[in-house]
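S.K.: Got a predicted structure here, sequence first:
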Amino acid sequence: MHLIIDADPIVYRCGFAAERTDYHLVVESPAGAIEELHFTPKPKKHAGEQMRQWLKKHDDWTVLSKARDVHPEREEQALDDTRTQVQSIEKACREEHGVESFDEITIVLSGPGNYRERIATVFPYKGNRDPEHKPYWYQAIRNHLTHEWGAIVVHGREADDECSIIAAAHRAARAPENNRRVGRLLQRQQPRRLALGSDRYIIATIDKDLDQIPGPHYNYLKQVSYNQSVSDARAFFWQQCLSGDSTDGIPGCWKTGETKAKAFIAACDESSEQSIWTRICDEYRRSQTIPGCPYVGCDPAAVALETARLVYLQQAEGELWNPPGIPMGTLPDYEDEK
C-alpha cells in the first residue's frame with residue numbers, strides 16, 4: 001500500500017502554528033479623526049480575522065497604513081510540529097487500513113512554476129492570494145521535509161497534480177490495456193521507481209480539490225477517512241468546472257456557487273460526458289445575461305474550457321485537459337521544458 005501525502009498544507013499549518021501575528025492599522029474616520037488600532041491573537045480568533053471583521057463593520061473608514069508583525073517561536077517547535085503531523089498521518093492511515101507498514105510513502109511539495117499561471121486569461125490564477133503571506137519558518141519546514149522525510153518537490157505543476165499522477169499510475173497498473181501509459185509514467189519516476197500495483201494507495205490531504213482522485217482518502221485536519229468512488233470523483237470535477245475554485249482565484253460560471261453546481265451536475269446523472277460538457281457550456285452562455293458577468297463578450301465555451309483546464313488535476317505529466325471526445329492534449333512547450 002502506498003501512502004501519498006500532499007504536504008503543502010502541512011508547511012502552512014505547522015508554520016503558522018509556530019508564530020504569532022499582530023496587525024497594526026492607522027485609520028481615518030469619515031469625520032477625519034485619525035486612530036491607531038492593534039489586533040493581537042485571542043483564543044479561537046486570529047488577529048487577521050479580528051482585523052477583517054473590524055474593517056467590514058467600518059467600511060466607510062479609510063485605511064492609511066497597515067503593518068503585519070510576525071513573532072516566530074523557536075525553529076525547533078515548527079520542525080517538531082511538522083514531525084508530529086507526518087507521524088500522526090502515517091499512524092492514522094496504518095490503523096484505518098490495518099497494515100503494519102506501507103510499501104511506500106511519498107510526500108509531495110509544490111515547487112516553482114505552475115502551468116496554470118500561463119493558461120489563465122479571464123483572471124490571474126491565485127491572483128486573490130498574497131504571495132508574501134508565508135510562515136516565518138516556511139523554508140525551514142520544507143527543507144526538513146525534503147532532507148529528513150524524502151519529500152519530492154515538483155516543478156511546473158502543483159503537489160495536487162503529482163498526487164493525482166501517482167494515483168493514476170497505480171490505477172493504470174491494474175488495467176492491462178493501459179500498460180503503454182504505465183510505462184511512460186514509470187519512466188518519469190526513475191530512479192525513484194514506484195511499487196505500482198502492489199496494492200492500492202491512500203491520498204492524505206486537507207485540500208478538497210484532491211477529491212477528483214478516486215480511492216481512499218484521509219483528511220488529516222478533520223482526522224476523517226473516506227473512500228471517493230470513481231463516479232463521485234468525476235462528478236466533483238464537473239462540479240468544479242461550473243463553480244470554479246474561489247480559494248485559487250478561479251471564478252467559474254458567474255453566480256454559480258458550489259451548492260448550485262453540485263445540484264446541476266447531480267441532475268445530469270444519466271447523461272453522457274459529452275452531454276454534461278455541452279450543458280456546462282450552455283450554463284456559461286446563459287450566465288452572460290446576468291448583470292455583472294465579467295466575461296461578457298467572450299466565447300462562453302472558451303471560458304468554460306479555461307475553467308476546466310484550471311481545476312483539472314493532471315493524470316500524466318504535461319497533460320492538458322480537452323473536452324470529451326477529444327484526446328487529452330499536451331501543454332505548450334512541455335517537451336522543451338523537460
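M.R.: Nice, thanks for sending it over. Please read all numbers here as calculations on a predicted model, not as lab measurements.
S.K.: residue boundaries of the helices in the stretch 201-338 of the chain?
M.R.: 230-243, 258-266, 273-287, 300-311, 334-337 (DSSP state H, counting those that start in this stretch).
S.K.: Confidence-wise, which of these is weakest overall?
M.R.: With a mean of 57, helix 334-337 has the lowest mean pLDDT of the helices of the stretch 201-338 of the chain.
S.K.: could you point out which element follows the lengthiest helix in the chain?
M.R.: Criterion DSSP state H: the longest helix present in the chain is helix 75-97. As assigned by DSSP states H and E, the chain's next helix or strand after helix 75-97 is strand 104-110.
S.K.: Flag the helix or strand of the chain with the lowest per-element mean pLDDT.
M.R.: Every helix and strand of the chain was ranked by mean pLDDT, DSSP states H and E. The lowest is helix 179-189, at a mean of 50.
S.K.: which element is Ala169 on?
M.R.: helix 159-173.
S.K.: Now that helix: buried residues?
M.R.: In terms of neighbour count (16 or more other CB atoms under 10 Å), helix 159-173 has its buried residues at 159-173. No exception for glycine: its C-beta is placed from N, CA and C like everyone else's.
S.K.: what separates it from the chain centre, distance-wise?
M.R.: 15 Å (CA atoms, centre = their mean, to the nearest Å).
S.K.: quick one, domains of this structure?
M.R.: 2-12+76-228, 231-337 (automatic domain parsing).
S.K.: right, so of those domains, which gets closest to Ala18?
M.R.: Closest to Ala18 of the domains of the chain is domain 2-12+76-228 (CB to CB; 3.7 Å).
S.K.: Run the chain-centre distance for the closest one.
M.R.: With CA atoms, centre = their mean, you get 10 Å for domain 2-12+76-228.
S.K.: still on that earlier bit, output the helices of the stretch 201-338 of the chain in TSV; the columns should cover distance to Trp61 and mean neighbour count.
M.R.: Formatted as TSV, the helices of the stretch 201-338 of the chain follow (distance: least, CB to CB, whole Å; neighbours: other CB atoms under 10 Å):
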stretch	distance to Trp61	mean neighbour count
helix 230-243	33	20
helix 258-266	32	16
helix 273-287	34	18
helix 300-311	36	21
helix 334-337	48	10
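S.K.: now for the ones you listed, which one comes closest to Ile202?
M.R.: helix 230-243 (14.6 Å).
S.K.: on that earlier part again, now the weakest link among the domains of the chain, please, by mean pLDDT.
M.R.: domain 2-12+76-228 (a mean of 87).
S.K.: Ends of that domain, what's the gap?
M.R.: Taking CA to CA, to the nearest Å, domain 2-12+76-228 runs 16 Å from one end to the other.
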